[in-house]
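Student: the amino acid sequence is not available; the structure is as follows:
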């Protein structure tokens, strides 16, 4: 497996409290990125997004825009090519919200793999936000 989880210090504590078989095979890197989007930035991204090719994402975007819980949605419900648009709209802030729900519900390797994927997306978005903010 040897995949990487980019976790904040509080997330690392939660992960370390999991059964050892769920922790096994994962490399944990510290997520120190702090460049989360503002509500205004998320709103602008939502306005810029084009969901015409992926109408199934419209409900997720509306839920995100309203600041409601996203835990009822599964990323498996959407085509892989649609996820880029979704992650752009959600930003690191929205991905972080999904992670905060998932990390408390990890039950098997597939759940940890999903957390790893989300942590990588958040890590990349935070990196992009940092470079955009300081350029």
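Tutor: Now that the structure is in, tell me what you want to look at. These numbers were taken from a predicted model, which means no experiment stands behind them.

Student: for the residue most central in space within the chain, what are its contacts?
Tutor: Per C-alpha atoms, centre = their mean, the C-alpha nearest to the average position across the chain is that of residue 95, at 2.5 Å. With contact taken as C-beta atoms under 8 Å, 6 or more residues apart in numbering, residue 95 is in contact with 87, 118, 121-122, 125. All C-beta spots, glycine's among them, are computed from the backbone N, C-alpha and C.

Student: element containing it?
Tutor: Using DSSP states H and E, residue 95 sits in helix 80-102.

Student: just checking, what packs against whichever helix or strand comes after that helix?
Tutor: Sequence order places helix 109-133 as the next helix or strand after helix 80-102, per DSSP H and E. Using 3 or more C-beta pairs under 8 Å, 6 or more residues apart in numbering; DSSP states H and E, the elements in contact with helix 109-133 are strand 3-7, helix 80-102.

Student: any idea of the angle the shortest one forms with helix 109-133?
Tutor: To tie it back to what came earlier, the one meant is strand 3-7. Angle, strand 3-7 to helix 109-133, by axes from the mean of the first three to the mean of the last three C-alpha atoms, to 10 degrees: 60 degrees.

Student: orientation of strand 3-7 relative to helix 80-102 in degrees?
Tutor: In terms of direction (the same axes, to 10 degrees), strand 3-7 departs from helix 80-102 by 60 degrees.

Student: quick check: buried residues in strand 3-7?
Tutor: Within strand 3-7, the residues scored as buried using 16 or more other C-beta atoms under 10 Å are 5-7.

Student: go through stretch 38-55 and flag the buried ones.
Tutor: Under the neighbour-count criterion of 16+ other C-beta under 10 Å, stretch 38-55 has 42, 45-46, 49, 51, 54 buried.
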